[in-house]
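Chemist: The sequence and its predicted three-dimensional model are supplied below.
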Amino acid sequence: MNTLNDIVEKLKQGKVVAYPTEAVFGLGCNPADAQAVSALLALKNRPEEKGLILVAPRREFFFPFVDCTRLDEKAWQQIEAVRENAVTWIVPALDTTPRYLRGQFDTIAIRICRLPAVQRLCEATGFALTSTSANLTTKPPCRNSDEVRQQFGVDFPVLDEPTGGKTNPSEIRDIFTQQIFRQG
């Protein structure tokens, strides 16, 4: 069993970990660590062109990646609003945001996640987390730490805490047009 401190150390060492999100477990790493993100993409067999979601408990964690000059306070209020179901927002990315995070787009996907596990991980590491569902290709997303270990092995670093209990993954929506890319 991994403690919060164990998972924080793995993240700081550039490792990929599993952690609970609102509905399922996510696979995450330090988004500024190209090697860690490369390992995550390889583990998921996920093409870089798709981009990744970043999660964090506060907007400040996204500042290294988001073009904040294009977001006014009203947009940030939408992003930070507490809702029944989680919303991932597509927002403008900084030109310096790595392609391995934004994929083929000039935007990046971000989600405020107030789940205690995510809050503690981000506060302890000082960075947002990449977030993609913890599952191997063709397998269903893991909903608990035991399922993570069944798919990724007993030694895979997983934070043994509950998800937020939601049924569906987050909705994905454009901050400017409100177009929904994935129903939540």
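Modeler: Cool, got the structure. Residues are numbered from 1 along each chain as shown.
Chemist: helix/strand/coil for the residue nearest in space to the middle of the chain?
Modeler: Centroid-nearest residue in the chain: residue 131, 2.3 Å away (criterion: C-alpha atoms, centre = their mean). Secondary structure, DSSP: H, G, I helix; E, B strand; the rest coil: residue 131 is strand.
Chemist: With residue 181 instead?
Modeler: strand.
Chemist: Contact partners for it?
Modeler: 90, 172-174 (C-beta atoms under 8 Å, 6 or more residues apart in numbering). Yep, even glycine has a C-beta here, placed from its N, CA and C like the rest.
Chemist: run the last query once more with 10 Å
Modeler: Residue 181 makes contacts with 88, 90, 109, 171-174, as judged by C-beta atoms under 10 Å, 6 or more residues apart in numbering.
Chemist: From those residues, keep the buried residues only.
Modeler: For the contacts of residue 181, a neighbour count by 16 or more other C-beta atoms under 10 Å gives the buried set as 88, 90, 109, 171-173.
Chemist: for those, which one is nearest residue 37?
Modeler: residue 109 (13.9 Å; C-beta to C-beta).
Chemist: Surely the closest one is in a helix?
Modeler: No: using three-state DSSP, the assignment for residue 109 is strand, not a helix.
Chemist: Quick check: bridge partners of it?
Modeler: residue 53, residue 90 (DSSP bridges).
Chemist: And the strands in this protein?
Modeler: For the chain, the strands defined by DSSP state E occupy 17-20, 25-28, 53-56, 87-92, 107-112, 129-133, 171-174, 180-182.
Chemist: Could you name the helices and strands sitting against the first one?
Modeler: When contacts are defined as 3 or more C-beta pairs under 10 Å, 6 or more residues apart in numbering; DSSP states H and E, strand 17-20 sits against helix 4-12, strand 25-28, helix 116-125, strand 129-133, helix 145-152.
Chemist: make it 6 Å
Modeler: helix 4-12, strand 25-28 (3 or more C-beta pairs under 6 Å, 6 or more residues apart in numbering; DSSP states H and E).
Chemist: Need these in TSV (columns: mean pLDDT, mean neighbour count and distance to residue 181).
Modeler: Listed next are the helices and strands packed on strand 17-20 as TSV, based on pLDDT from 0 to 100; neighbours: other C-beta atoms under 10 Å; distance: least, C-beta to C-beta, whole Å:
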stretch	mean pLDDT	mean neighbour count	distance to residue 181
helix 4-12	97	17	28
strand 25-28	97	29	18
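Chemist: For residue 127, which of those is the nearest?
Modeler: helix 4-12 (8.0 Å).
Chemist: The closest one vs strand 129-133, what angle?
Modeler: 100 degrees (axes from the mean of the first three to the mean of the last three C-alpha atoms, to 10 degrees).
Chemist: what does helix 4-12 rub up against?
Modeler: 17, 30, 120, 124-125, 157, 159 (C-beta atoms under 6 Å, 6 or more residues apart in numbering).
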